[in-house]
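Asks: what shape does this take:
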Amino acid sequence: MLAFRGRRRPGAPALLGLLVALAVLAGALLWRPLVEGERAPSGSVAMSTGVSSGVYARYGQLLRGQLAEDAPGLEMSLLSSAGSVQNIERLVAGDADFAIASADALAAHQARDPVGTARLRACARLYDDYLQLVVPADSPVRSTADLEGLRVGVGQEQSGVIRAARELLAAAGLDMDGDVRAVREGIDNMPRMLEAGRLDAFFWSGGLPTSAVTRLAMRKDIRLVPLDDLLPALAERGPEAGYYRAAAIPPDAYPDITGGQTVNTIATANLLVTTEDTDPDVAEQITRSVINGRDRIGREVHAAQRVDLRTAIYTQPLPLHPGARRYYRSVKS
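Replies: Numbering: from 1, shown residues only. Below you'll find the predicted structure:
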């Protein structure tokens, strides 16, 4: 028999009420997973990525696969694009819900269109893009300044590559529209053009390794031209200059190109970007899948192995989306 100290034994109605309350509480605990499942985000989102043979596109494919496991009710469609600039424009115009864009391209776009970009928010810092200048192994080009008068692949219009190429050439004292013969093609075409002798060099900005560059090295002897000498001049240019940093391409990134040597270059961060209008639950789930999928994605996009909770929150020049912030706080509590 139960003993109640300091107060009277409850009568039958009170005892019945207590049992009912306990049953309701037990039922709520048993049903909690179902309630959480019902509240999981569902619907569809569109993510703008990049050219088919680039790292942005592969990252998007792998993130979609991770999301399908984490939140089966939330479907992600992928939009191919020229790169960062077009991705930003799609977000501003409402033609995409998520996109990958480099920090320097975002800063440049903020300077040109502060009103349009004011709605942009970030979910995570993903990985760094490495600026790469590719030339035939026997090319006389030893620095960016040596490109004067040559046929240079500078990336597609609306890509982050073409914007970065313009900045790098200007830092070397060259005008892209007058001092070099600029060829506006993407990474899906530039390697074949270099191999066929239709280009003397091309710029690329991407994670390491970029598969198109790796495949080119299997067919033709090429090398990478160091770019770190341009950093002082870059620092004197536009607002995006603050998002460039000195970096090194390690020998194992392109073992058939570097010949066991480190190549000094410039890098900039890539962010997963959305807008302030995105449902916080959706932004939280996408952010969770970015972190959950790090190892899986990193096996193919090696640069993504560096994504972790310590670095993902550094999304300058954009503030974190509230849903992403909620995720980071939940895993740190």
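
Asks: quick check: closest non-adjacent residue to residue 70.
Replies: Distances taken as Cβ to Cβ, 6 or more residues apart in numbering place residue 289 nearest to residue 70, at 4.8 Å, with adjacent residues excluded. In short, each C-beta sits where N, CA and C put it, glycine included.

Asks: distance of that neighbour from residue 206?
Replies: 22 Å (Cβ to Cβ, to the nearest Å).

Asks: looking at those two, which has the bigger crowd around it?
Replies: Set side by side, residue 289 and residue 206 show more neighbours around residue 206, with 29 against 24, by other Cβ atoms under 10 Å.

Asks: what is the least confident helix or strand in the protein?
Replies: None of the helices or strands of the chain scores lower by mean pLDDT, DSSP states H and E than helix 12-39, at a mean of 38.

Asks: what's downstream of that one, the next helix or strand?
Replies: Per DSSP states H and E, the first helix or strand lying C-terminal to helix 12-39 is strand 43-48.

Asks: re earlier: name the SS class of the residue nearest to residue 70, please.
Replies: Here residue 289 is recorded as helix under DSSP: H, G, I helix; E, B strand; the rest coil.

Asks: quick check, it in contact with residue 71.
Replies: Yes - if you go by Cβ atoms under 8 Å, residue 289 and residue 71 touch, sitting 7.3 Å apart.

Asks: hmm, back to that, what sits against the residue nearest to residue 70?
Replies: 63, 66-67, 70-71 (Cβ atoms under 8 Å, 6 or more residues apart in numbering).

Asks: which one among the residues you listed gets closest to residue 133?
Replies: Proximity of the contacts of residue 289 to residue 133 (Cβ to Cβ) peaks at residue 63, which lies at 28.9 Å.

Asks: show me which of the contacts of residue 289 are buried.
Replies: Buried subset of those (neighbour count, 16 or more other Cβ atoms under 10 Å): 63, 66-67, 71.

Asks: max pairwise distance over the residues you listed: which two?
Replies: Pairwise distances across those (Cβ to Cβ) peak at 11.8 Å, for the pair 63 and 71.

Asks: burial of residue 259, as a residue count?
Replies: 11.

Asks: equivalent analysis for residue 307, please.
Replies: Residue 307: 22 surrounding residues under other Cβ under 10 Å.

Asks: surely it is in contact with residue 294?
Replies: Yes - contact status for residue 307 versus residue 294: in contact at 4.9 Å, counting by Cβ under 8 Å.

Asks: intersection of neighbour lists for those two?
Replies: Contact criterion Cβ under 8 Å, 6+ apart; residues shared by residue 307 and residue 294: none found.

Asks: what's near enough to touch residue 48?
Replies: Taking Cβ under 8 Å, 6+ apart, we find residue 48 in contact with 79, 81, 86-87, 90-91, 95-96, 98-100.

Asks: return the set of buried residues in the helix or strand containing residue 267.
Replies: Mapping residue 267 onto the secondary structure by DSSP H and E places it in strand 263-275. By 16+ other Cβ under 10 Å, the buried positions in strand 263-275 come out as 263, 265-275.

Asks: out of these, who's nearest residue 323?
Replies: Within the buried residues of strand 263-275, distances to residue 323 taken as Cβ to Cβ reach their minimum at residue 274, with 8.6 Å.

Asks: if you skip the residues just before and after it, what's nearest to that closest one?
Replies: residue 98 is the one closest to residue 274 (Cβ to Cβ, 6+ apart), at 5.0 Å.

Asks: what pairs with that neighbour across the strands?
Replies: Judged by DSSP bridges, the bridge partners of residue 98 are residue 47.

Asks: again, but for residue 268
Replies: Bridge pairing for residue 268 - DSSP bridges - gives residue 129.

Asks: wait, it sits on residue 244?
Replies: Yes - at 5.6 Å, residue 268 counts as touching residue 244 under the criterion of Cβ under 8 Å.

Asks: need the overlap of contacts for these two.
Replies: residue 104.

Asks: let's see stretch 229-244 as CSV, backbone CA atoms only.
Replies: C-alpha atoms of stretch 229-244 as CSV (Å, rounded to 0.1, in the frame of the first residue of the first chain):
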residue,chain,number,x,y,z
ASP,A,229,53.0,37.0,-56.4
LEU,A,230,49.7,38.8,-57.2
LEU,A,231,48.5,39.1,-53.6
PRO,A,232,50.0,42.5,-52.8
ALA,A,233,48.4,44.1,-56.0
LEU,A,234,45.1,42.3,-55.3
ALA,A,235,44.9,43.8,-51.8
GLU,A,236,44.7,47.2,-53.4
ARG,A,237,41.7,46.4,-55.5
GLY,A,238,37.9,46.0,-54.8
PRO,A,239,36.0,44.8,-51.7
GLU,A,240,36.5,41.2,-52.6
ALA,A,241,40.3,41.5,-52.1
GLY,A,242,39.8,40.8,-48.4
TYR,A,243,38.6,37.3,-49.2
TYR,A,244,41.7,36.2,-51.0
